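> please find the sequence and the predicted model below.
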Amino acid sequence: MNALKKENSDSEIVKTLIIIPAHNEELNIANVIREVRHYNPNCGILVVNDCSTDRTGNLARKMNVQVIDLPFNLGYGGAVQTGFKYATENDYAIGVLLDGDGQHDPKYVKELIKPIENGDSDVVIGSRFYTGNNQSFKLPFTKKIGIKLFSNIVNKITGKKYTDPTSGFQALNRKALMFFSRDNYPSDYPDADTIALLNFAGFRVLEIPVVMRERKFGTSMHNSLSIIYYIYKMFLSLFILMLRKKTIKKVKNEY
Amino acid sequence: MSIKLKIVIVLITFSILLILINFIKRKYIKEEYAVFWILIGIILIIVPIFSNYIDKLAQMLGIFYEPAFIFLLSILGILLILFHYSIVISKLTEQNKILAQDLGVLKNKLQQLEDDEKKKNPS
């Protein structure tokens, strides 16, 4: 914490932490950190190294950012949750999730944070498919259909409009960080069910348009996720969520 | 059910129970994970002994081949054990995750403190 303050001595308080979950991203991580720092010089940066077998952890450390090395592979959700725990323990007001593969353009971080700083929203999600965002993002056909199907279901359940529930480019305020630090975060991939859960728990979840890039090097983690398992998991967790709906406690405003 | 079959079932179950209790004694198996094994063991000893009543119960359920009723009970017992294991594994997975995360955060904090210390005392 002290070192973080020193590192960012030009600002009074370090309020925002950018959490970068990374698994075997040695080709991308240095660029990602460089870009993040360029656009957000006053934010703390934490790389959660999910037991990479390459030099991801060392490269990040050389860039003089905070690094947490996990003793074994926890998967995307487990790594992200580690970042949330770190953020709440070190009194950050806002946590921003940004993937270590360079798909998320750090220049949008400011836009993600803005609604939270203004107190208009608790969680802000960067969407590839938001209306007015005419980016043709290359995705496997089945994945596209999956995203469409489950965002439609979530829109029905919550009565709100979400276009990109699988987006891992998110900003969360302290209340949401605390909520997810405990036990409400899925261990594989946060998805439509997470957004529905946030809504049921009384969080204000907002979506804003962002442009995402193709990853520069390496392979995406989502390739290994078979579409059948994905559909099974989403249906089951949405179903369970509907059963639990009445017992989910609304978050209080103080934290 | 023939008397021979009854004796065989009771003997096998009894020896399994003995091994189980020996394992608990040596702390190879924790008491809480032996609950359902002991339960099944007791059922498999009682059923052949009171087989007259059990026969009637089986016939009421439409099972006319008595050993099939014992199979049914055993399979239900095994399912119960597996179900219990799923619960235990899920709990362990969650606890394991929390431990790994906290370990990561603590290691980071320790590194931080060591670095601070080095800066203060460069010797």
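Cool, the structure landed.
> residue A:112 contacts residue A:126, correct?
Yes - the pair residue A:112 / residue A:126 is scored as a contact, 5.9 Å apart, by CB atoms under 8 Å. In this view, the C-beta of every residue, glycine as well, is placed from N, C-alpha and C.
> what segments of the chain are helices?
As the question left the chain open, I've gone with chain A. A:2-7, A:29-39, A:56-62, A:75-89, A:109-117, A:141-158, A:174-182, A:192-200, A:227-244 (DSSP state H).
> my question was about chain B, not that one.
Remark: helices assigned in chain B by DSSP H are B:3-25, B:31-49, B:51-60, B:66-120.
> thinking again about what came up before, overlap in contacts of residue A:112 and residue A:126?
Applying CB atoms under 8 Å, 6 or more residues apart in numbering or on different chains, one finds that residue A:112 and residue A:126 are jointly contacted by A:169-170, A:208, A:210.
> where does chain B come near chain A, residue by residue?
For chain B, the residues in contact with chain A (CB under 8 Å from any CB of the partner chain) are B:93-94, B:97, B:100-105, B:107-108, B:112, B:115-116.
> filter these down to the buried ones.
Neighbour-count burial (16 or more other CB atoms under 10 Å in any protein chain shown) is assigned, among these, to B:97, B:100-101, B:103-105, B:108, B:112.
> follow-up on the earlier one: nearest to chain B, of the helices of chain A?
Each of the helices of chain A was scored for nearness to chain B using CB to the nearest CB, and the closest is helix A:75-89 (4.4 Å).
> average pLDDT across the closest one?
Helix A:75-89 shows a mean pLDDT of 95.
> and the angle for the helix or strand of chain B with the lowest mean pLDDT with helix B:3-25?
Across the helices and strands of chain B, mean confidence by mean pLDDT, DSSP states H and E is lowest for helix B:51-60: a mean of 83. Here helix B:51-60 runs at an angle of 100 degrees relative to helix B:3-25 (axes from the mean of the first three to the mean of the last three CA atoms, to 10 degrees).
> so which elements touch helix B:51-60?
On a contact count with 3 or more CB pairs under 8 Å, 6 or more residues apart in numbering or on different chains; DSSP states H and E, helix B:51-60 meets helix B:66-120.
> and residue A:12, what's its pLDDT?
Note for residue A:12: predicted pLDDT of 47.
> my bad, should have said residue A:243
The model's pLDDT for residue A:243 equals 91.
> how far does stretch A:57-69 stretch from start to finish?
The straight-line separation of the ends of stretch A:57-69 (CA to CA, to the nearest Å) is 7 Å.
> name the surrounding residues that touch it.
Residues from elsewhere that reach stretch A:57-69 (CB under 8 Å, 6+ apart): A:4, A:7, A:22, A:26, A:29-30, A:33-34, A:44-49, A:51, A:82-83, A:86, B:104-105, B:107-108, B:112.
> for that stretch, which positions count as buried?
Going by 16+ other CB under 10 Å, stretch A:57-69 has these buried residues: A:57, A:59-61, A:63, A:65-69.
> nearest to residue A:146, of these?
Lowest distance from residue A:146 to the buried residues of stretch A:57-69 (CB to CB) belongs to residue A:68, with 30.8 Å.
> now that closest one: closest residue in space, sequence neighbours ignored.
residue B:104 (4.3 Å; CB to CB, 6 or more residues apart in numbering or on different chains).
> compute the distance between the one you found and residue A:28, please.
Separation of residue B:104 from residue A:28 (CB to CB, to the nearest Å): 21 Å.
> for residue A:56, same thing?
Distance from residue A:56 to residue A:28, counting by CB to CB: 9 Å.
> do residue B:41 as well
57 Å.
> these two: which has the busier surroundings?
Legend: neighbour count by other CB atoms under 10 Å in any protein chain shown for residue B:41 and residue A:28, higher for residue A:28 (22 against 19).
> surely the more buried one is in contact with residue A:101?
Yes - Residue A:28 lies in contact with residue A:101 (CB under 8 Å); the separation is 5.2 Å.
> just the pLDDT for the residue nearest to the spatial centre of chain B.
The residue lying closest to the centre of chain B (CA atoms, centre = their mean) is residue B:33, at 4.3 Å. Listed pLDDT for residue B:33 reads 89.
> do I have it right that it meets residue B:87?
No - checked against CB under 8 Å, the pair residue B:33 and residue B:87 is beyond contact range at 11.1 Å.
> now pLDDT too, for the buried ones among the residues of chain B next to chain A, in TSV please.
As requested, these are exported to TSV (pLDDT from 0 to 100):
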residue	pLDDT
B:97	95
B:100	96
B:101	96
B:103	97
B:104	96
B:105	96
B:108	95
B:112	91
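> quick check on the contacts of stretch A:57-69: which are buried?
So, by 16+ other CB under 10 Å, the buried ones in these are A:4, A:22, A:26, A:29-30, A:33, A:44-49, A:51, A:82-83, A:86, B:104-105, B:108, B:112.
> including distance to residue B:51, could the shared contacts of residue A:112 and residue A:126 go into CSV?
CSV is the format used below for these (distance: CB to CB, whole Å):
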residue, distance to residue B:51
A:169, 67
A:170, 64
A:208, 72
A:210, 71
